[in-house]
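Chemist: sharing a model prediction with you, sequence too.
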Amino acid sequence: MKRKLVYSLLFLLIFINLTVTEVAYASERAAYGQESEPQMTVHFIDVGEGDCIFIDFGEYEVLIDAGPDAAGQTVVDYIRPYVDGSLDLVIATHVHHDHIGGMDEVLKAYDVKEIIHSGDSYHTRFYRDFYLAVREEGCIYTEDEDRVIELGNGAVLRIIDGIDGSKNINDNSIITQLEYGEIKVLFVGDLEETGEEAYLSRLGPVQVLKVGHHGSATSSGSKFLSVVKPQIGIISAGYANEGKHPHIRAMRRLFQAGTSLYGTFRSGTIKMTLDKTSYSLDTNCTLQYSDAGINHIKKESETEIWR
């Protein structure tokens with residue numbers, strides 16, 4: 001009887017030891033999994049009336065646009081804590097001032113490995129300053145074309161080249177899609193409804209859309225939204241801006257598509273954190289129709305109600 005009791009106790013101790021060991025191994029595997037799938041951050045930087053997006057993923061950093069001229073130093077200072085050595089990639093979506101105006105300050109402040117541009121030139125001092133800064137930088141300078149850029153750990157940035165040489169400079173914007181696991185984020189510069197059709201067959205549903213042309217009435221058409229089906233949209237615009245962005249008609253189309261909207265003119269810089277299966281924003285300040293640009297709320301008829 002005593003021998004059986006001893007054997008039982010020994011068996012129980014062995015079982016407990018194996019269980020504890022397995023729990024420890026499981027914890028180690030979970031910790032390893034977390035380390036092998038790091039979080040990514042996407043920053044929609046408040047540059048007033050303009051665009052600037054910064055992607056930080058480990059030691060890989062991407063800057064998409066740099067806002068207007070007055071925002072250059074703001075961008076330089078904001079990204080400084082995140083940049084590990086050089087900026088790996090800079091994308092100048094198109095040649096308008098509110099997208100490349102601050103770029104010369106960025107190029108002076110950081111070593112840049114590569115710049116992708118739309119292929120357009122423009123007779124403004126802002127484009128001249130940008131181009132001179134590019135030449136001074138001496139980095140790789142390429143025109144956009146279909147391309148997949150590996151960011152590491154399965155994350156990619158797709159350059160989707162659909163339009164070149166349009167008379168509408170906004171439609172020549174470089175279109176990029178960030179993909180990390182199940183999460184997709186689409187950046188469309190100032191793409192307008194006239195150019196969106198060129199991309200309909202090349203896109204699919206995304207979780208997040210950087211809304212085109214600051215929420216202009218001429219962007220975010222219904223056909224486009226029926227394809228990309230964004231869960232949320234980020235509008236980068238200045239408070240009480242001259243373009244009166246976002247336009248209520250664009251907001252209505254986005255709301256009808258089931259998209260929740262956020263704006264830098266309300267929240268300031270918006271930081272999105274994502275991993276392979278989920279994403280979150282550091283703001284819960286969603287936009288309403290009352291956030292439409294000044295003088296946009298005009299009834300098309302006496303029975304029109306903006307709801």
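Modeler: Sure, I can see it.
Chemist: next, count neighbours for Ser260.
Modeler: Ser260 has 14 neighbours, counted by other Cβ atoms under 10 Å. Every residue, glycine included, has its C-beta placed from N, CA and C.
Chemist: which non-adjacent residue is nearest it?
Modeler: Ile232 (4.8 Å; Cβ to Cβ, 6 or more residues apart in numbering).
Chemist: that neighbour and Lys210 touch, don't they?
Modeler: No. Using Cβ atoms under 8 Å, Ile232 makes no contact with Lys210, being 10.3 Å away.
Chemist: more crowded one of those two?
Modeler: Shown here are Ile232 and Lys210; by other Cβ under 10 Å, Lys210 has more neighbours (24 against 20).
Chemist: now do the contacts for the more buried one.
Modeler: 44, 51, 53, 185-188, 233-234, 236 (Cβ atoms under 8 Å, 6 or more residues apart in numbering).
Chemist: and those residues as JSON lines, adding distance to Ala133, secondary structure and neighbour count?
Modeler: What follows is those, written out as JSON lines (distance: Cβ to Cβ, whole Å; DSSP: H, G, I helix; E, B strand; the rest coil; neighbours: other Cβ atoms under 10 Å):
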{"residue": "Phe44", "distance to Ala133": "23", "secondary structure": "strand", "neighbour count": "26"}
{"residue": "Asp51", "distance to Ala133": "18", "secondary structure": "coil", "neighbour count": "30"}
{"residue": "Ile53", "distance to Ala133": "19", "secondary structure": "strand", "neighbour count": "24"}
{"residue": "Val185", "distance to Ala133": "27", "secondary structure": "strand", "neighbour count": "25"}
{"residue": "Leu186", "distance to Ala133": "28", "secondary structure": "strand", "neighbour count": "25"}
{"residue": "Phe187", "distance to Ala133": "22", "secondary structure": "strand", "neighbour count": "28"}
{"residue": "Val188", "distance to Ala133": "25", "secondary structure": "coil", "neighbour count": "28"}
{"residue": "Gly233", "distance to Ala133": "31", "secondary structure": "strand", "neighbour count": "28"}
{"residue": "Ile234", "distance to Ala133": "27", "secondary structure": "strand", "neighbour count": "23"}
{"residue": "Ser236", "distance to Ala133": "22", "secondary structure": "coil", "neighbour count": "31"}
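Chemist: now do Val62 against Asn284, distance only.
Modeler: To Asn284, Val62 is 26 Å away according to Cβ to Cβ, to the nearest Å.
Chemist: so those two - more neighbours on which side?
Modeler: A side-by-side neighbour count of Val62 and Asn284, using other Cβ under 10 Å, places Val62 first with 23 against 8.
Chemist: mind listing what that one touches?
Modeler: 54-55, 87-91, 151, 157.
Chemist: change it to 10 Å
Modeler: 42, 53-56, 87-91, 114, 116, 149, 151, 157, 176, 178, 187 (Cβ atoms under 10 Å, 6 or more residues apart in numbering).
Chemist: quick one: which of those residues sit in strands?
Modeler: Cross-referencing the contacts of Val62 against strands under DSSP state E gives 42, 53-56, 89-91, 114, 116, 149, 151, 157, 176, 178, 187.
Chemist: just the buried ones from those, in PyMOL syntax?
Modeler: Selection of buried members from the ones in strands among the contacts of Val62 for PyMOL, criterion 16 or more other Cβ atoms under 10 Å:
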select buried, resi 42+53+54+55+56+89+90+91+114+116+149+151+157+176+178+187
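Chemist: farthest pair in the ones in strands among the contacts of Val62?
Modeler: Across the ones in strands among the contacts of Val62, the longest distance by Cβ to Cβ is 19.1 Å; it joins Val42 and Glu114.
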